[in-house]
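In: this is a predicted model, with the sequence first.
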Amino acid sequence: MSWTDERVDLLRKLWTDGLSASQIAAELSNGITRNAVIGKVHRLGLSGRVKTNAPAAAARPRVQAPRVAKPVQSRPMTAVRGNTVMVIEARTFEAPAPRPVEEVVVPICERVTIMELREAMCRWPLGDPSQPDFRYCGARSDVGASYCAHHSRMAYQPAQDRRRERERRAQQMQRLG
């Protein structure tokens, strides 16, 4: 598409005659679109027109642009309109395997004082340290471990459980405001 001097002169004439940009594009044809006509009119600084019942436009026979056959596509294209772009495929997830049920057994504490604590004893505090009846669990613990099996499960939670608990608390705080 190129704007030759002849096309520009014809554009000026048709524009002043009152033809629409679509009609001028059809008259010029050969790759000239309605938007190209509007852009050229703007660049040429042609004045806007007052809409009237233009008898010249009605008297002029309408010339249609030759239709060009479009190539046939080998596969159909699916049209995407509106908010269908945001549609998310539904996915199915398997439910997590149930956790094995653990028996909760509270060990029998020996309730020892700090003076009675030995290396293989649980050091879990029981009670208020400022009270005279304060003691430690004293149950058997593995060598090098500070607590018995029961108190170890309470003291050392897996990171995933701590994270889940922290998120649950954060959600509760948001609800409370």
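Out: Cool, got the structure.
In: strands along the protein, start to end?
Out: Ranges of strands in the chain, per DSSP state E, are 125-126, 135-136.
In: residue 116: which of these is closest?
Out: Evaluated over those, closeness to residue 116 peaks at strand 135-136, with 8.3 Å, by C-beta to C-beta. Every residue, glycine included, has its C-beta placed from N, CA and C.
In: ok, residues contacting the closest one?
Out: The contact list for strand 135-136 (C-beta atoms under 8 Å, 6 or more residues apart in numbering) reads 109, 111-114, 117, 121-127.
In: what ranges do the helices span in the chain?
Out: 5-17, 21-28, 34-44, 55-59, 149-155, 159-176 (DSSP state H).
In: what packs against the first one?
Out: When you say that, I think you mean helix 5-17. helix 21-28, helix 34-44 (3 or more C-beta pairs under 8 Å, 6 or more residues apart in numbering; DSSP states H and E).
In: number of nearby residues for residue 117?
Out: When counting by other C-beta atoms under 10 Å, one arrives at 16 neighbours for residue 117.
In: so how far is residue 142 from it?
Out: For residue 117, the distance to residue 142 (C-beta to C-beta, to the nearest Å) stands at 15 Å.
In: low-confidence bits of this protein, can you list those?
Out: Low-confidence segments of the chain, defined by pLDDT under 70: 1, 49-89, 102-108, 177.
In: could you chop it up by domain?
Out: With domains defined by automatic domain parsing, the chain comprises 5-59, 125-176.
In: so how far is the last one from its chain's centroid?
Out: Pointing back at domain 125-176 there. Offset of domain 125-176 from its chain centre (C-alpha atoms, centre = their mean, to the nearest Å): 39 Å.
In: now do the end-to-end distance for that domain.
Out: 33 Å (C-alpha to C-alpha, to the nearest Å).
In: pick the most buried one from the domains of the chain.
Out: domain 5-59 (a mean of 14; mean count of other C-beta atoms under 10 Å).
In: export the domains of the chain to a markdown table and append columns for distance to residue 97.
Out: Formatted as a markdown table, the domains of the chain follow (distance: least, C-beta to C-beta, whole Å):
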| stretch | distance to residue 97 |
| --- | --- |
| domain 5-59 | 62 |
| domain 125-176 | 15 |
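In: of those domains, which is nearest residue 98?
Out: domain 125-176 (16.2 Å).
In: and which of the contacts of strand 135-136 is nearest residue 164?
Out: Nearest to residue 164 among the contacts of strand 135-136 is residue 124, at 23.9 Å by C-beta to C-beta.
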